[in-house]
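[1] Structure for this input, please:
(2 chains)
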Amino acid sequence: MSLCVQQARLVLDRRPILDDVSIALRPGRLNALIGPNGAGKSTLLRVILGLEPAAHAHVEFEGSDFHALPRRERARIAALVEQSSATEQPIDVHDAVMLGRLPHQGLWSADTQAEDEAVVAAALARTGLAAFATRRLATLSGGEQQRVHIARALAQQPRLILLDEPTNHLDLAAQMAVMEILRGLADAGLTLLVTMHDLNLTAAWFDHVIALHRGRVVAEGAPEAVIEPGFLAEVYGVAASILADPATGRPVIAYGPQKFLAGPAII
Amino acid sequence: MVAAAGKASALTLTALRRLKFRIWMLGLMLALAASLVVAVTIGPAAIGPGEVWAVIAHKLGLIADSPVSRLREGIVWELRLPRVLAAAAVGAGLAICGATMQALTRNPLADPYLLGLSSGASVGAVAMLLAGATLLLPLGAFLGALAAMALTLGLARALGAITAARAILAGLAVSALASALTSFLIFSTATGDSYREILAWLMGSLAGARWGDAGLVLAALAVIGGPLIMAGRVLDGFVFGDAAAGALGIDVGRTRWLMLGATALLTGLLVAVSGAIGFVGLILPHAVRLMVGGRHRHLLPLAALAGAVFMVWADTAARTLFDPRELPVGIVTALFGAPAFFLILLANRRST
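    Predicted coordinates for the structure are as follows:
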């Protein structure tokens, strides 16, 4: 296990957002965090990074107390790719990715070093964006912009990457492109935790699934163990059938108009 | 192969930008030096650049005997030079404040004037002035600016998440209230010839700026503006919002309040000398962004230089166009600034 989160707790306005969440992640795997809207998925990512001052959690990364480290050192270990990273400021792809070098640079130094440029170039190449360096971020498609944000995370040279619904609002090809990149990063030995809404995509790509519901971990395990009809009915309130992908054997969820579907009764 | 090509282009890209930045720096420094000398020569009494240099050299002890008469020397050294220097410092400071606030609030319309800081500072300054505590005037201006900023951000927060539109609306309300307070303070206490004083604080004016004033704004610029310029890399980290900045290792809460506090302090000290001057803090950062891009380590020093040059000429126009009457310099900056702002909005629209 490289990332261990113990008893993460967060109460806002007397409403428990996270209620004793403990998870442990292994490197080299694709770990998904699923659950309905408001389950606490995005919050958990911020709590892990230490960005929720009101939260209580013990977070260990590779055996040491992560939150005890200075902020900048934390940013050299862990990176965040947010759900929506928009800006009104005109910025080009190269500069957007170069921001990932911030934790490695002297805050007062004027110029970037050759090493920063090399890391940024490698991050752009890894995300298939080498030809986009001078393009304005705003002129890129949604899928390309998402890859820019992943490249920025890579420029931090992290060992842990947290991604918040990285495939949202992307067309199918762009979703596959993002998933291929994430698969490659996991295979390279990084620890990844990815919040996901698309359960079919989750079932097809991820190795390990953690399900949050109302701030608690309600299920955890391999996709086929977690994503099953009873779970979907209880946590999402949706009746669905589970099929097996003939090519891979992975679970495929079939959901349609609820009254036509056989399945567990909905409360 | 692809990676190598990408690396090569990125290196030349950065080298090109660095070169471009240095050329702009050099150009604007020369422009500022020329503007300072030429602006001092402009006025009712015709004084040439040679005489200006002679006076400066004499006063700095570089030459023993001045070839310039005492009267003309007084005009240069006591009247024009401090005023021109004060204008340059105010312009540079406002541009730094504007660029910093735009980055920290992620609001392209943020500047000390639009968010009410300048008007708040005016209230504080005028209150101290009327209370007879002239020495505490800069402190009053700072407290006024700080209160106005807290009120603006608080009001905007009360409307929901802070957006550009909400911050501007809140700033408008705070600004109107503060301007009314300033007018009321002067109306209720000052006698006779107070109208010009009201105008000076509400519209901004550098009339009557002496060495004390110039020294105050130059010191404020060096002590507060200098570190703000150097901290540009931190501002870059805010481009994609608070969580992104936090994930990049920035202490978001502390950094934001420290830097906004510094802009309030700088604004307060500038306003203590010049009154509330609009558009400088808004437009010059945008204009520079169009030239060199949004990287703050490049943007901030260039915006400061451009702001200084702009203010020197705006103030020269203010004191000479309707000579012997003084035009409040805020009118000049608004006359140039409002249309320029519209052009920048158009240019930004095309480029994004």
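
[2] Mind listing what's buried along the longest helix seen in chain A?
    Using DSSP state H, we find that the single longest helix of chain A is helix A:172-187. Under the neighbour-count criterion of 16 or more other Cβ atoms under 10 Å in any protein chain shown, helix A:172-187 has A:174-179, A:181-182, A:185-186 buried. Where C-beta positions appear, they are placed from N, C-alpha and C, glycine not excepted.

[3] any chance of these in a markdown table, plus pLDDT and distance to A:Gln146?
    Putting the buried residues of helix A:172-187 into a markdown table (pLDDT from 0 to 100; distance: Cβ to Cβ, whole Å) gives the following:
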| residue | pLDDT | distance to A:Gln146 |
| --- | --- | --- |
| A:Ala174 | 95 | 7 |
| A:Gln175 | 96 | 9 |
| A:Met176 | 96 | 12 |
| A:Ala177 | 96 | 9 |
| A:Val178 | 96 | 6 |
| A:Met179 | 97 | 11 |
| A:Ile181 | 97 | 9 |
| A:Leu182 | 97 | 11 |
| A:Leu185 | 97 | 14 |
| A:Ala186 | 97 | 17 |
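
[4] which residue ranges form the helices in chain A?
    Under the criterion DSSP H, helices of chain A are mapped to A:41-49, A:71-77, A:93-98, A:114-126, A:142-155, A:172-187, A:199-205, A:223-226, A:229-231.

[5] Contacts only, for B:Ala57.
    When the contact criterion is Cβ atoms under 8 Å, 6 or more residues apart in numbering or on different chains, the partners of B:Ala57 are B:Ile63.

[6] cool, and B:Arg295?
    With contact taken as Cβ under 8 Å, 6+ apart, B:Arg295 is in contact with A:95, B:17, B:232, B:236.

[7] One more pass at 10 Å, please.
    Counting by Cβ atoms under 10 Å, 6 or more residues apart in numbering or on different chains, B:Arg295 makes contact with A:91-92, A:95, A:98-99, A:112, B:17, B:21, B:232-233, B:235-236, B:239, B:289.

[8] For B:Thr163, see how far away it is.
    24 Å (Cβ to Cβ, to the nearest Å).

[9] Likewise for B:Leu109?
    Computed as Cβ to Cβ, the B:Leu109 to B:Thr163 distance reads 10 Å.

[10] neighbour-wise, which of these two wins?
    When neighbours are counted by other Cβ atoms under 10 Å in any protein chain shown, B:Leu109 and B:Thr163 differ, and B:Leu109 comes out ahead with 20 against 14.

[11] Then the more buried one would be within a strand, right?
    No: assignment of B:Leu109 by DSSP: H, G, I helix; E, B strand; the rest coil gives coil, placing it outside any strand.

[12] got the angle between the longest helix of chain A and helix A:142-155?
    On the basis of axes from the mean of the first three to the mean of the last three Cα atoms, to 10 degrees, helix A:172-187 is oriented at 20 degrees to helix A:142-155.

[13] And chain B, is helix A:172-187 touching that?
    No: judged by Cβ under 10 Å from any Cβ of the partner chain, helix A:172-187 makes no contact with chain B; its nearest approach is 14.5 Å.

[14] which intervals of the chain have sub-threshold pLDDT?
    Since no chain was named, I'll use chain A. Regions of chain A meeting the criterion pLDDT under 70 cover residues A:107-111, A:259-267.

[15] look at chain B instead
    B:1-11, B:162, B:164, B:190-198, B:348-352.

[16] For the stretch 51-200 of chain B, what lies in contact range of chain A?
    Within the stretch 51-200 of chain B, the positions near chain A by Cβ under 10 Å from any Cβ are B:102-103, B:106-109, B:164.

[17] which one is the residue of the stretch 101-250 of chain B found nearest chain A nearest to, not counting chain neighbours?
    Of all residues in the stretch 101-250 of chain B, B:Gly249 sits closest to chain A, at 3.2 Å by Cβ to the nearest Cβ. Leaving out its chain neighbours, the residue that sits closest to B:Gly249 by Cβ to Cβ, 6 or more residues apart in numbering or on different chains is A:Ala75, at 3.2 Å.

[18] for A:Pro223, same thing?
    Nearest residue to A:Pro223, sequence neighbours excluded (Cβ to Cβ, 6+ apart): A:Ala203, at 4.4 Å.

[19] show me what contacts residue 116?
    Defaulting to chain A. Counting by Cβ under 10 Å, 6+ apart, A:Asp116 makes contact with A:98, A:100-102, A:104-105, A:155, B:10, B:14.

[20] That was the other one, I meant chain B.
    Contacts of B:Gly116 by Cβ under 10 Å, 6+ apart are B:144-145, B:147-149, B:151-153, B:155, B:167-168, B:170-179, B:276.

[21] Can you flag which of those belong to helices?
    Those of those mapping onto helices are B:144-145, B:147-149, B:151-153, B:155, B:167-168, B:170-179, per DSSP H.

[22] Of those, just the buried ones, PyMOL syntax please.
    In PyMOL, this line selects whichever of these come out buried by 16+ other Cβ under 10 Å:
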select buried, chain B and resi 144+145+147+148+149+151+152+153+155+167+168+170+171+174+175+177+178+179
